[in-house]
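>>> need coordinates for the below:
(one chain, ligands or ions: 2)
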Amino acid sequence: MNIVVVGSLNMDLVVRIPIIPKPGETRLGGVFNTFPGGKGANQAVAMARLGAHVTMVGCVGNDAFGQEMRASLDRERIDTSRIRVHPEEATGVALIQVDKQGQNSIAVAAGANFHLTSADVEKAMQAAGEFDALVMPLETPLDTIYTAARMAVRRGARVLLNPAPAQVLEKDLLQLVDVLVPNEYEIGLMVGAPLASAGDIQAAAEKLLAMGPKNLIVTLGSQGAILFNDQTSQGVSIPAWPVVSVDTTAAGDCFVGALAVGICEGKSLPSAAKFASAAAAISVTRPGAQPSLPRREEVEQFVKERSLLK
Ligand code: ATP
Ligand code: RIB
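Ligands and ions are numbered 1, 2, ... in the order given. Just a heads-up that it's a prediction; the model follows:
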């Protein structure tokens with residue numbers, strides 16, 4: 001199974017602190033760590049650990065973080081030959097604060113990620129050979145997302161788009177998407193109305209599906225996810241697996257990566273989403289972005305053990 005990711009690579013600078021300070025406030029008591037992250041790289045690592053051969057298309061700076069990011073993907077046997085090194089821009093950085101409930105706030109300096117070009121994407125995808133799916137978040141310029149999606153559709157590959165960070169997208173992009181995976185906030189922003197109830201999610205999903213994606217999976221954190229397409233009237237609920245949350249950073253990335261692997265293996269969408277929900281549940285029990293992402297055997301073991309408990 002070959003999967004291409006067009007997306008970001010960030011070094012995550014993380015402070016774990018019981019309560020995240022409000023604007024203007026200073027709090028002591030944090031513990032600091034760095035972890036390789038970035039939504040694109042996280043999705044790539046999630047898929048590689050679950051058994052996919054992954055090509056990462058992105059851009060880092062000519063600096064220590066850039067080297068570290070590439071080395072960490074190399075260790076996962078991800079093809080990093082399509083990660084361009086920008087001579088002047090710094091590697092992307094995310095400043096992350098995680099509180100005692102595992103909730104986070106994230107500020108990203110995109111740096112080199114926003115210097116990825118459509119020409120880089122074209123070259124990379126031409127060189128990639130056959131691939132089954134293209135997976136993308138929205139942390140590189142929008143024209144790279146369009147270029148990649150068009151090329152993937154021409155090549156008969158599925159397109160999975162994780163519209164994060166949230167932005168409003170045009171129909172001509174959404175029509176190229178096989179599976180769109182926003183969280184609750186992202187879907188609200190995309191349809192122009194924040195969601196307050198289950199009825200709101202249904203209405204927003206119908207509105208978004210009418211803009212072109214074939215399938216929509218709205219993730220709802222510890223509440224699981226809901227799958228919508230033209231065969232579901234109310235949506236199909238994908239329950240979350242109950243776990244103790246330590247750090248939810250990259251839960252969404254883990255979900256998207258595992259979903260792509262499940263789909264490429266021929267699982268039905270509900271069953272791929274259930275697999276993704278298990279992988280993401282494991283990821284929230286551990287700190288950091290890439291270090292938290294589970295390997296295949298762990299997910300299979302987790303599902304087996306939890307199913308025996310029922
Ligand atoms: P993030 O930005 O933190 O990476 P996200 O907002 O994109 O995440 P979420 O909706 O929070 O994505 O989570 C994605 C999926 O991960 C959920 O649909 C669920 O399956 C799983 N998940 C997230 N949080 C929890 C939790 N506390 N317990 C169990 N599963 C969870
Ligand atoms: O989705 C989590 C990721 O978002 C972090 O790893 C951070 O780098 C930001 O891109």
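>>> can you map out the helices along the stretch 201-310 of the chain?
Remark: helices assigned in the stretch 201-310 of the chain by DSSP state H, counting those that start in this stretch are 251-264, 269-284, 296-309.
>>> adding mean neighbour count and distance to ligand 1, write these out as JSON lines.
Where you see a C-beta, it was placed from the backbone N, CA and C, and this is true even at glycine. Shown next, in JSON lines, are these (neighbours: other Cβ atoms under 10 Å; distance: least, Cβ to the nearest ligand atom, whole Å):
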{"stretch": "helix 251-264", "mean neighbour count": "28", "distance to ligand 1": "2"}
{"stretch": "helix 269-284", "mean neighbour count": "24", "distance to ligand 1": "3"}
{"stretch": "helix 296-309", "mean neighbour count": "13", "distance to ligand 1": "11"}
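>>> among the ones you listed, which comes closest to ligand 2?
The minimum distance between ligand 2 and the helices of the stretch 201-310 of the chain falls on helix 251-264, with 4.9 Å, by Cβ to the nearest ligand atom.
>>> and that closest one, what's its mean pLDDT?
For helix 251-264, the mean per-residue pLDDT is 98.
>>> distance from the chain centre to that helix, please.
8 Å (Cα atoms, centre = their mean, to the nearest Å).
>>> how about the contacts made by the closest residue to Leu216 other than its chain neighbours?
Computed as Cβ to Cβ, 6 or more residues apart in numbering, the closest residue to Leu216 that is not its neighbour in sequence is Phe228, at 4.5 Å. By Cβ atoms under 8 Å, 6 or more residues apart in numbering, the residues touching Phe228 are Ala205, Glu206, Leu209, Asn215, Leu216, Ile217, Val218, Gly235, Val236.
>>> which pLDDT value belongs to the fourth one?
The one in question is Asn215. With respect to pLDDT, Asn215 scores 98.
>>> that one and Ser268 touch, don't they?
No. Between Asn215 and Ser268 there is no contact under Cβ atoms under 8 Å: 11.2 Å.
>>> neighbour-wise, which of these two wins?
Between Asn215 and Ser268, counted using other Cβ atoms under 10 Å, Asn215 has the larger neighbour count: 21 against 10.
>>> so the more buried one bridges to which residues?
Counting by DSSP bridges, Asn215 is bridged to Val179, Asn229.
>>> so it versus ligand 1, what's the distance?
15 Å (Cβ to the nearest ligand atom, to the nearest Å).
>>> ok, now how distant is that residue from Ile78?
Distance, Asn215 to Ile78, by Cβ to Cβ, to the nearest Å: 26 Å.
>>> in this structure, which residue is closest to the centre?
Central residue of the chain (Cα atoms, centre = their mean): Asp253, 2.8 Å from the mean position.
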